[in-house]
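Trainee: Make a model of this:
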Amino acid sequence: MSTDEPLPSSEEPPEEPLWGKPDVPGPPTDMPPLAARWRRLLARIIDYVLIIGIPSNLIVWIYSRIHPALGLMGSALLGMIFWLVYIGYDGYLLTTRGRTFGKQWMKIQVGMLHDGSLPAGRPGWLRAATYGLPGVLAEAGWALWAINVLPAFVPSVLGILWLINVLWLLWDKPYQQALHDKAARTVVVSAQ
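Mentor: Here you go, the predicted model:
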(Lines give C-alpha, C1' and ligand atoms only; values in the text may rest on other atoms or scores of the structure.)
Protein backbone atom coordinates (compact mmCIF):
# COMPACT_ATOMS: atom_id res chain seq x y z
CA MET A 1 0.00 0.00 0.00
CA SER A 2 1.51 3.31 -1.02
CA THR A 3 1.45 6.33 1.24
CA ASP A 4 -0.14 8.47 -1.49
CA GLU A 5 -3.50 6.68 -1.32
CA PRO A 6 -6.07 8.15 1.07
CA LEU A 7 -7.10 5.86 3.89
CA PRO A 8 -10.65 4.56 3.63
CA SER A 9 -12.98 6.60 5.77
CA SER A 10 -14.77 4.74 8.55
CA GLU A 11 -17.40 7.48 8.63
CA GLU A 12 -20.27 7.21 6.19
CA PRO A 13 -22.06 10.32 4.98
CA PRO A 14 -25.13 11.10 7.09
CA GLU A 15 -28.34 9.53 5.84
CA GLU A 16 -30.86 11.89 4.26
CA PRO A 17 -34.19 12.16 6.10
CA LEU A 18 -37.30 10.74 4.49
CA TRP A 19 -39.02 14.09 4.77
CA GLY A 20 -37.84 17.61 5.55
CA LYS A 21 -34.31 18.91 6.03
CA PRO A 22 -32.29 18.35 9.21
CA ASP A 23 -30.93 21.92 9.40
CA VAL A 24 -34.30 23.67 9.06
CA PRO A 25 -36.16 24.21 12.35
CA GLY A 26 -39.86 23.45 12.53
CA PRO A 27 -41.91 20.64 11.09
CA PRO A 28 -40.33 18.78 8.17
CA THR A 29 -41.34 20.36 4.87
CA ASP A 30 -43.07 17.28 3.45
CA MET A 31 -45.08 16.59 6.61
CA PRO A 32 -48.80 17.40 6.67
CA PRO A 33 -49.71 20.35 8.91
CA LEU A 34 -49.70 19.70 12.63
CA ALA A 35 -53.11 18.88 14.10
CA ALA A 36 -54.85 21.78 15.80
CA ARG A 37 -54.74 21.51 19.58
CA TRP A 38 -58.52 21.77 19.86
CA ARG A 39 -58.91 18.83 17.46
CA ARG A 40 -56.57 16.75 19.61
CA LEU A 41 -58.54 17.65 22.72
CA LEU A 42 -61.91 16.83 21.14
CA ALA A 43 -60.54 13.53 19.79
CA ARG A 44 -59.45 12.52 23.33
CA ILE A 45 -62.83 13.55 24.75
CA ILE A 46 -64.64 11.46 22.12
CA ASP A 47 -62.41 8.45 22.83
CA TYR A 48 -62.80 8.87 26.57
CA VAL A 49 -66.60 9.06 26.37
CA LEU A 50 -66.78 6.04 24.04
CA ILE A 51 -64.31 3.81 25.86
CA ILE A 52 -64.42 4.92 29.49
CA GLY A 53 -67.31 7.32 30.11
CA ILE A 54 -70.31 5.41 28.80
CA PRO A 55 -69.12 1.86 29.68
CA SER A 56 -67.92 2.79 33.18
CA ASN A 57 -71.14 4.60 34.05
CA LEU A 58 -73.18 1.70 32.74
CA ILE A 59 -71.15 -0.89 34.67
CA VAL A 60 -71.17 1.16 37.87
CA TRP A 61 -74.94 1.68 37.53
CA ILE A 62 -75.53 -2.07 37.04
CA TYR A 63 -73.11 -2.98 39.85
CA SER A 64 -74.68 -0.49 42.25
CA ARG A 65 -78.08 -2.12 41.66
CA ILE A 66 -76.62 -5.50 42.64
CA HIS A 67 -74.27 -4.30 45.39
CA PRO A 68 -75.19 -0.79 46.61
CA ALA A 69 -71.97 -0.11 48.55
CA LEU A 70 -69.34 0.08 45.80
CA GLY A 71 -66.98 2.12 47.98
CA LEU A 72 -63.73 3.84 47.16
CA MET A 73 -61.80 0.58 46.77
CA GLY A 74 -64.28 -0.77 44.22
CA SER A 75 -64.34 2.53 42.36
CA ALA A 76 -60.54 2.64 42.21
CA LEU A 77 -60.31 -0.95 40.97
CA LEU A 78 -62.91 -0.25 38.27
CA GLY A 79 -60.94 2.87 37.34
CA MET A 80 -57.79 0.76 36.90
CA ILE A 81 -59.66 -1.66 34.66
CA PHE A 82 -61.07 1.13 32.51
CA TRP A 83 -57.65 2.79 32.14
CA LEU A 84 -56.15 -0.56 31.08
CA VAL A 85 -58.94 -1.00 28.53
CA TYR A 86 -58.26 2.53 27.24
CA ILE A 87 -54.54 1.72 26.85
CA GLY A 88 -55.48 -1.40 24.88
CA TYR A 89 -57.91 0.54 22.68
CA ASP A 90 -55.44 3.36 22.05
CA GLY A 91 -52.45 1.08 21.46
CA TYR A 92 -54.26 -1.32 19.14
CA LEU A 93 -55.79 1.36 16.93
CA LEU A 94 -52.60 3.44 16.77
CA THR A 95 -50.47 0.46 15.77
CA THR A 96 -52.94 -0.77 13.15
CA ARG A 97 -54.52 2.44 11.79
CA GLY A 98 -52.58 5.40 13.16
CA ARG A 99 -55.75 6.86 14.67
CA THR A 100 -58.48 6.14 17.16
CA PHE A 101 -62.18 6.72 16.45
CA GLY A 102 -61.94 10.18 18.00
CA LYS A 103 -58.93 11.06 15.87
CA GLN A 104 -60.68 9.72 12.78
CA TRP A 105 -63.75 11.87 13.45
CA MET A 106 -61.56 14.91 14.06
CA LYS A 107 -59.54 14.17 10.88
CA ILE A 108 -56.16 13.82 12.59
CA GLN A 109 -53.67 10.98 12.78
CA VAL A 110 -50.50 9.90 14.55
CA GLY A 111 -47.33 9.28 12.58
CA MET A 112 -43.69 8.67 13.31
CA LEU A 113 -41.87 11.98 13.56
CA HIS A 114 -38.99 11.01 11.28
CA ASP A 115 -41.05 9.84 8.30
CA GLY A 116 -44.79 9.96 9.05
CA SER A 117 -45.21 6.19 8.95
CA LEU A 118 -47.72 4.27 11.05
CA PRO A 119 -46.52 3.90 14.67
CA ALA A 120 -46.77 0.11 14.34
CA GLY A 121 -45.58 -2.13 17.15
CA ARG A 122 -43.53 -0.68 19.99
CA PRO A 123 -44.01 3.06 19.26
CA GLY A 124 -47.81 2.87 19.22
CA TRP A 125 -47.95 0.79 22.40
CA LEU A 126 -45.33 2.96 24.11
CA ARG A 127 -47.34 6.08 23.27
CA ALA A 128 -50.56 4.52 24.62
CA ALA A 129 -48.87 3.26 27.79
CA THR A 130 -47.12 6.57 28.46
CA TYR A 131 -50.49 8.31 28.15
CA GLY A 132 -52.54 5.88 30.27
CA LEU A 133 -50.15 4.39 32.83
CA PRO A 134 -50.22 7.40 35.16
CA GLY A 135 -54.02 7.00 35.24
CA VAL A 136 -53.75 3.29 36.08
CA LEU A 137 -51.18 3.99 38.79
CA ALA A 138 -53.24 6.85 40.24
CA GLU A 139 -56.29 4.57 40.49
CA ALA A 140 -54.13 1.87 42.11
CA GLY A 141 -52.88 4.53 44.50
CA TRP A 142 -56.44 5.46 45.47
CA ALA A 143 -57.22 1.77 46.07
CA LEU A 144 -54.16 1.50 48.33
CA TRP A 145 -55.12 4.76 50.06
CA ALA A 146 -58.59 3.30 50.75
CA ILE A 147 -56.99 0.52 52.81
CA ASN A 148 -54.52 2.92 54.49
CA VAL A 149 -51.41 1.68 52.67
CA LEU A 150 -50.53 4.92 50.85
CA PRO A 151 -50.97 8.56 51.78
CA ALA A 152 -53.41 10.52 49.58
CA PHE A 153 -50.70 12.68 48.05
CA VAL A 154 -49.22 9.72 46.08
CA PRO A 155 -52.19 9.17 43.74
CA SER A 156 -52.67 12.94 43.59
CA VAL A 157 -49.08 13.39 42.36
CA LEU A 158 -49.64 10.67 39.74
CA GLY A 159 -52.75 12.50 38.53
CA ILE A 160 -50.73 15.71 38.28
CA LEU A 161 -48.05 13.89 36.26
CA TRP A 162 -50.74 12.70 33.84
CA LEU A 163 -51.99 16.29 33.52
CA ILE A 164 -48.47 17.60 32.84
CA ASN A 165 -48.09 14.93 30.16
CA VAL A 166 -51.17 16.02 28.24
CA LEU A 167 -50.63 19.76 28.72
CA TRP A 168 -47.03 19.57 27.50
CA LEU A 169 -48.13 20.08 23.89
CA LEU A 170 -49.31 23.61 24.73
CA TRP A 171 -45.75 24.90 25.07
CA ASP A 172 -43.75 22.35 23.07
CA LYS A 173 -42.01 23.67 19.98
CA PRO A 174 -41.84 22.99 17.09
CA TYR A 175 -43.98 19.82 16.94
CA GLN A 176 -46.57 20.42 19.70
CA GLN A 177 -45.77 17.03 21.22
CA ALA A 178 -47.16 15.83 24.52
CA LEU A 179 -44.78 13.73 26.61
CA HIS A 180 -46.36 10.52 25.30
CA ASP A 181 -45.51 11.74 21.76
CA LYS A 182 -41.93 12.45 22.78
CA ALA A 183 -41.56 9.01 24.39
CA ALA A 184 -42.70 7.26 21.20
CA ARG A 185 -41.19 9.82 18.79
CA THR A 186 -44.56 10.49 17.19
CA VAL A 187 -46.36 13.59 15.98
CA VAL A 188 -50.07 14.28 15.46
CA VAL A 189 -50.89 15.73 12.06
CA SER A 190 -53.94 16.74 10.08
CA ALA A 191 -55.40 13.95 7.95
CA GLN A 192 -57.58 16.15 5.72
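Trainee: and after the helix or strand encompassing residue 41, which helix or strand comes next?
Mentor: Residue 41 is part of helix 37-48 when elements are defined by DSSP states H and E. Later in the chain than helix 37-48, the nearest helix or strand by DSSP H and E is helix 54-66.
Trainee: That following helix versus helix 37-48: what angle between them?
Mentor: Helix 54-66 and helix 37-48 are oriented at 30 degrees to each other (axes from the mean of the first three to the mean of the last three Cα atoms, to 10 degrees).
Trainee: Give the rounded mean pLDDT of helix 54-66.
Mentor: If you average the pLDDT over helix 54-66, you get 75.
Trainee: so the nearest residue to residue 147 once chain neighbours are set aside, which of the three states?
Mentor: Leaving aside its sequence neighbours, residue 147 sits nearest to residue 73 (Cβ to Cβ, 6 or more residues apart in numbering; 6.6 Å). C-beta here means a position set from N, CA and C on the backbone, and glycine is covered the same way. What DSSP: H, G, I helix; E, B strand; the rest coil gives for residue 73 is helix.
Trainee: I'd like to know how far residue 73 sits from residue 143.
Mentor: Residue 73 sits 5 Å away from residue 143, going by Cβ to Cβ, to the nearest Å.
Trainee: Over to residue 46?
Mentor: 28 Å.
Trainee: of those two, who's got more company?
Mentor: residue 143 (21 against 18; other Cβ atoms under 10 Å).
Trainee: in the chain, what spans have low per-residue confidence?
Mentor: Scanning the chain with the threshold set as pLDDT under 70 gives 1-29, 64, 67-72.
Trainee: Quick one: list the elements packing against whichever helix or strand residue 110 is part of.
Mentor: If you go by DSSP H and E, residue 110 is part of strand 108-112. Judged by 3 or more Cβ pairs under 8 Å, 6 or more residues apart in numbering; DSSP states H and E, strand 108-112 is in contact with helix 37-48, helix 122-146, strand 186-190.
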